[in-house]
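Asker: Have a look at this prediction, sequence included:
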Amino acid sequence: MRAHIGCEGVGVRFQLDRARNVVTPAHAKLVRSGETVWGLESVTLDVKAGEAIALVGPSGSGKTTLLRVLAGVLPADRGTLEIRGRVGSLLAIDAGLLSRLTGEENAQLLAVLAGMTRREAAAAMPRIREVSGLGAAFDRPVSAWSQGMRARIGFAVADCMRPDVLLLDEVHEALDHEFRAVIEERAHALKEAGGIVVAAGHDHGLLERVCERAVLMRDGIVVDDGPVERVATDYVAAL
């Protein structure tokens with residue numbers, strides 16, 4: 001199966017709860033209904049096997065919302081979405097991590113939550129330990145870990161899933177240069193194997209080294225789609 005992402009007119013609607021001044025998904029139970037806003041509006045993308053695309057744009061432009069839709073975490077309220085291939089994602093540094101557990105215990109938990117059986121998760125531990133590069137810290141509680149260390153274990157678990165589609169949301173920016181090089185190497189290997197990488201962030205140097213194509217988003221809308229050097233340069237120049 002060749003990896004592929006197809007979005008046609010995808011939209012995600014949120015409700016603004018005026019009483020609490022928070023935004024919640026439209027499909028969630030609301031304390032008080034308020035104004036409807038669109039976190040994504042008519043997003044159309046076609047990403048083929050072997051491609052890596054960067055999502056760029058200001059905070060609140062819809063990058064994270066789009067990644068959550070692609071990961072299956074957030075359903076679309078309209079439009080169609082087709083993803084072929086196994087999806088691995090790292091969308092938040094602390095997602096699923098329990099401070100009282102060790103790195104290995106957290107890795108096993110994350111692997112099971114990602115769809116592995118307990119036996120498969122246990123068998124994957126040596127690879128996760130190696131990819132994370134955490135050494136002895138892997139056997140210690142994560143309560144004293146830095147943000148970069150937490151991101152390492154999340155990426156290592158996503159990598160061990162052998163994904164066809166890898167989604168990264170800014171968390172790589174918490175990492176040191178050594179582990180960024182690991183992510184770059186894994187991303188290039190995935191592309192060469194016919195996989196897909198979709199990464200959001202503000203580190204345009206890293207994005208340009210990994211991605212050939214960039215999608216610029218504003219207010220939940222795709223406003224540009226083209227070569228990463230041009231799109232990223234035009235975006236920075238317009239700031």
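Answerer: Great, that's in hand. Note that the coordinates shown come from a computational prediction; the quantities given were computed from them, not determined experimentally.

Asker: And the strands in this structure, which stretches?
Answerer: 4-17, 22-25, 36-48, 52-56, 78-84, 87-90, 165-169, 196-200, 213-218, 221-227 (DSSP state E).

Asker: Could you export these as TSV, including mean neighbour count?
Answerer: In this view, the C-beta of every residue, glycine as well, is placed from N, C-alpha and C. Below are the strands of the chain laid out as TSV (neighbours: other C-beta atoms under 10 Å):
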stretch	mean neighbour count
strand 4-17	18
strand 22-25	15
strand 36-48	18
strand 52-56	25
strand 78-84	15
strand 87-90	24
strand 165-169	25
strand 196-200	26
strand 213-218	21
strand 221-227	15
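
Asker: Mind checking these for the one nearest to Gly103?
Answerer: strand 87-90 (15.4 Å; C-beta to C-beta).

Asker: Now do that closest one: which elements does it pack against?
Answerer: helix 63-71, helix 147-160, strand 165-169 (3 or more C-beta pairs under 8 Å, 6 or more residues apart in numbering; DSSP states H and E).

Asker: any idea which of these scores lowest on pLDDT?
Answerer: Mean pLDDT is lowest for helix 147-160 out of the helices and strands packed on strand 87-90, coming in at a mean of 88.

Asker: related to what we said a few turns ago, arrange the helices and strands packed on strand 87-90 in a markdown table, one row each, with distance to Val198 as further columns.
Answerer: Shown next, in a markdown table, are the helices and strands packed on strand 87-90 (distance: least, C-beta to C-beta, whole Å):
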| stretch | distance to Val198 |
| --- | --- |
| helix 63-71 | 6 |
| helix 147-160 | 12 |
| strand 165-169 | 5 |
